[in-house]
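> fold the following for me, if possible:
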Amino acid sequence: MQPRSSATWQWACSLLSRVMRRQIQRIVCMHRVCTVRRQLKKLILLTNSRRTLQTNNATKHRLSPTFFAYSFIKVGLVTRKMNFRKGTILNQRYAYEQFAGSYYNVLSFHAFDKQTDEQVLVKGYAMNDPRVNAHVTFFERCDGIKGVPKMVEVFDMDGNTFIVLGHEGIPLGSILRDSLFHCSMENTYRIGFRLFRIIHSVHRHNFVIRDIRPQSVRCLVNENEELQVSLSNFGLSAPISPPPLQPSGDNPIANGMFQSLSAIRGNPYVPIDDYIAVVFVMLDCQGVNPFNANANQHMTLLQKKERFHSNPYGFLPEACQWIADIYLLLEGMREDGNFQHIDVMSLLNKAVPGVKAQSAITFRHNPANGHLLID
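Residues are numbered from 1 along each chain as shown. Below you'll find the predicted structure:
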């Protein structure tokens, strides 16, 4: 047998080395895949356990397994039970378009109503969630109120209940972001006036809203080229009597920057608190946000609320002192125990000389791309 040449031996060793490296890479790759799978399983189990704990603490019920699958749509995961790709038809009527958000075990997504050719918002709850009945009752009793969306349908599917709501317009929060968080003082005045009228109508039907913030205020240009203002989020709405208590302290909306000092302190929620929330929306329209989490980080939200409450005039320019007037009027009514909507509107109507509160909101709108800015 002839001895191998040095070149042949080196070539054989090189080939063997490449083969071994590939095998090692495959082993490492498979190890990584298995590791990712194990981590993903842990993440799903951890998420489910956390959501179950939140739900048990808040509503004393457990969501169905299918519902957990829905919440992963946002990160691109689908399940064998429910594949919510764009165009998926729900209840033989609603074409899924895109995920809107998941909050406190309520899933929301945008859909297209094939029966009416209109955009809708679909909210999914566990079938035994007591908030479903509360939500449905609110929309049944407040049906027809200008500024409150219409409930289209309620249906059950795969152990969950879905509420379909009319959904038009652009969130005020998005408009403010596009305009660098500021609109004119006159339009701030007009927006506040319209929101006060909406919440007054809701209160007359014996409900408080408890979730009024720029992102829950929607703006729509109607067929007459007029800007309409409405509200969209009623997941926290509750009967006025008995006055509802605020949800647990880790709820970022019920205990957020647009809530009153009284609500943040944990007092029962009353109609004045909805009005105070509108006052804070008007502050945001003027680029004034003394409760921003990024400002004065050494202070708690409660401390920021108390500081504003002690001197609201100090946070506003001269032209917008009327917003502080309304805030103090409302808090004075709270102390006296004598709230009067007509007194609030009387002060508001005289707040900005030369401007009528019910006059048209001025704006710029591009119908081609839907872009909307409020002057």
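> run the chain-centre distance for stretch 225-234.
Averaged C-alpha coordinates place stretch 225-234 at 15 Å from its chain's average position (Cα atoms, centre = their mean, to the nearest Å).
> no, scratch that, I was asking about stretch 115-134
Per Cα atoms, centre = their mean, the centroid offset for stretch 115-134 relative to its chain is 15 Å.
> how about stretch 218-238?
Between the centre of stretch 218-238 and the centre of its chain there are 14 Å (Cα atoms, centre = their mean).
> just the endpoints, please. Distance across that stretch?
For stretch 218-238, the first and last residues are 21 Å from each other (Cα to Cα, to the nearest Å).
> give me the buried positions along stretch 346-362.
By neighbour count on 16 or more other Cβ atoms under 10 Å, the buried set for stretch 346-362 is L348, A351, V352, A357, I361. From N, CA and C alone the C-beta is placed, and that goes for glycine too.
> end to end, how far does it reach?
23 Å.
> how does the chain divide into domains?
Domain segmentation of the chain under automatic domain parsing yields 65-166, 170-374.
> and the pLDDT for G354?
pLDDT for G354: 93.
> quick one: which of the domains of the chain has the weakest pLDDT on average?
Comparing mean pLDDT over these, the weakest stretch is domain 65-166, at a mean of 79.
> off-centre distance for stretch 108-119?
19 Å.
> mind checking the SS state of the nearest residue to P243 once chain neighbours are set aside?
Spatially, and ignoring its direct neighbours in sequence, P243 is nearest to P268 (3.5 Å; Cβ to Cβ, 6 or more residues apart in numbering). Under DSSP: H, G, I helix; E, B strand; the rest coil, P268 falls in the coil class.
> isn't P268 right up against P244?
Yes: using Cβ atoms under 8 Å, P268 is in contact with P244, at 6.6 Å.
> the two: who's more crowded?
P244 (18 against 13; other Cβ atoms under 10 Å).
> need the contact list for A100.
A100 is in contact with S108, F109, H110, L121, counting by Cβ atoms under 8 Å, 6 or more residues apart in numbering.
> most neighbours among those, which one is it?
Of the contacts of A100, with other Cβ under 10 Å as the count, F109 tops at 24 neighbours.
> three-state assignment of it?
Three-state call for F109 (three-state DSSP): strand.
> so what pairs up with it in the strands?
Taking DSSP bridges as the rule, F109 bridges to F99, V122.
> list the contacts for it?
Shown in contact with F109 (Cβ under 8 Å, 6+ apart): I73, F84, Y96, E97, Q98, F99, A100, L121, V122, G124.
> that one and K123: what is the separation?
The gap separating F109 from K123 is 8 Å, by Cβ to Cβ, to the nearest Å.
> burial count for V279?
Counted with other Cβ under 10 Å, V279 comes out at 23.
> list the contacts for the residue nearest to P243?
Contacts of P268 (Cβ under 8 Å, 6+ apart): P242, P243, P244, L245.
> what do you get for K146?
K146 neighbours (Cβ under 8 Å, 6+ apart): I198, S201, S230.
> from those, which land in helices?
Among these, the members found in helices (DSSP state H) are I198, S201.
> what's near enough to touch P312?
So P312 contacts I323, A324, Y327, L328 (Cβ under 8 Å, 6+ apart).
> most neighbours among those, which one?
Counting neighbours by other Cβ under 10 Å, I323 leads the contacts of P312 with 27 neighbours.
> can you tell me the closest non-neighbouring residue to it?
Per Cβ to Cβ, 6+ apart, closest to I323 is M282, 5.4 Å.
> before we move on, what about Y275?
Once flanking residues are discounted, Y275 sits nearest to L330: 5.3 Å by Cβ to Cβ, 6+ apart.
> what separates the strand or helix carrying the one you found from the chain centre, distance-wise?
In the assignment (DSSP states H and E), L330 maps to helix 321-336. For helix 321-336, the separation from the chain centroid amounts to 27 Å (computed by Cα atoms, centre = their mean).
> for it, list every residue counted as buried.
Burial within helix 321-336, assessed by neighbour count using 16+ other Cβ under 10 Å, is assigned to W322, I323, A324, D325, I326, Y327, L329, L330, E331, M333, R334.
> against which helices or strands is it packed?
Helix 321-336 makes packing contacts with helix 185-204, helix 271-285, helix 341-349 when contacts are defined by 3 or more Cβ pairs under 8 Å, 6 or more residues apart in numbering; DSSP states H and E.
> out of the ones you listed, which comes closest to L373?
Between L373 and these, the tightest spacing by Cβ to Cβ is seen for helix 185-204, at 10.5 Å.
> give the next helix or strand downstream of that closest one.
Beyond helix 185-204 on the C-terminal side, the first helix or strand identified by DSSP H and E is strand 207-208.
> parallel or antiparallel, list what pairs with the helix or strand just after that next one.
Sequence order places strand 217-221 as the next helix or strand after strand 207-208, per DSSP H and E. When pairs are called by DSSP bridges, strand 217-221 turns out to pair with strand 170-171 (antiparallel), strand 227-231 (antiparallel).
> still on that earlier bit, closest one of the contacts of K146 to I170?
The nearest member of the contacts of K146 to I170, counting by Cβ to Cβ, is S230 at 11.0 Å.
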